[in-house]
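**Student:** Need the 3D shape of this:
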Amino acid sequence: MIANLYNTSRQPAGYAGKLAGCLMSMKGKQRSEWTIEQLNIQPYQHILEVGYGPGNTLQEVARKLKVGYLAGIDHSIPMYQMAYRRNKRFIQQQLLQLHIGDLSELSYPPHYFHTIYGSDIHFFLQDAQLEFMRLSSLLKSRGRLVMVFQPREARNEEAIRRAGERIREDYLAAGLTDIRIEYRDMSPVTCIAATGFKP
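**Tutor:** Residues are numbered from 1 along each chain as shown. Got it, this is the predicted structure:
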């Protein structure tokens, strides 16, 4: 179960889950838009979102695909239900498939995805380097891994830069190359986008 990757005490349920999804939708729009900027989406690509939440970013990515394929995985049933409703049209078109569970349970073959992305996901990974290695194995050669996150515990810009360098080190340990760390001023704290490529 992907509950192994997330802090399960934060898992929303029922009405609380719906409320959390609405709040995530409102607060995450700017970050979602910046995430999509990092992906360089082409209409034929195979793309995976890790931790799709209420499905807002999935929806925007799906709109850019024509003959490609989009998958998403999350641990939360309420998030799945919201993402399903929001993206039902793309699911019916077989452009999008939603999964609930653990990354290790994904049945996709190695070298399948052009791009894998997530938002704030690595904060909840028990072993970020190991999971980045797992994700890298699903990438095609020169495929990209993009993690966009806001280190909310950071109290100043120096702490934010340290957070960016930590994820760079995790990417390097996972065998990714050509790593790019970008920063953007965003509420409530500066947002970081980390991009790395599979050799």
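**Student:** use CA for all of it now, contacts and neighbours both
**Tutor:** Noted.
**Student:** where exactly do the helices run in this protein?
**Tutor:** 14-27, 29-39, 56-64, 77-86, 88-92, 128-137, 157-173 (DSSP state H).
**Student:** Skipping adjacent residues, who's closest to P188 in space?
**Tutor:** Once its chain neighbours are removed from consideration, P188 has its nearest residue in R152; the separation is 7.6 Å (CA to CA, 6 or more residues apart in numbering).
**Student:** CA-only coordinates of the strand ranked longest in the chain, as CSV, when you get a sec.
**Tutor:** With DSSP state E applied, the strand covering the greatest number of residues in the chain is identified as strand 139-149. As requested, the backbone C-alpha atoms of strand 139-149 are provided in CSV (Å, rounded to 0.1, in the frame of the first residue of the first chain):
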residue,chain,number,x,y,z
LEU,A,139,11.6,6.1,-17.0
LYS,A,140,12.7,5.8,-20.6
SER,A,141,16.3,6.8,-21.4
ARG,A,142,16.4,10.6,-21.1
GLY,A,143,13.1,10.5,-19.3
ARG,A,144,12.6,13.1,-16.6
LEU,A,145,11.7,13.0,-12.9
VAL,A,146,10.2,16.2,-11.6
MET,A,147,9.4,16.9,-8.0
VAL,A,148,7.8,20.2,-7.0
PHE,A,149,7.6,21.0,-3.4
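**Student:** now I192: how far from I41?
**Tutor:** Using CA to CA, to the nearest Å, one gets 19 Å for the distance from I192 to I41.
**Student:** More neighbours: these two, which one.
**Tutor:** Neighbour tally, I192 and I41, criterion other CA atoms under 10 Å: the higher count belongs to I192, 27 against 18.
**Student:** looking at it, that one is touching F149, isn't it?
**Tutor:** Yes - with contact defined as CA atoms under 8 Å, I192 and F149 form a contacting pair (5.3 Å).
**Student:** Would you confirm that I73 contacts H99?
**Tutor:** Yes - in this structure, I73 sits in contact with H99. The criterion is CA under 8 Å, and the distance is 4.6 Å.
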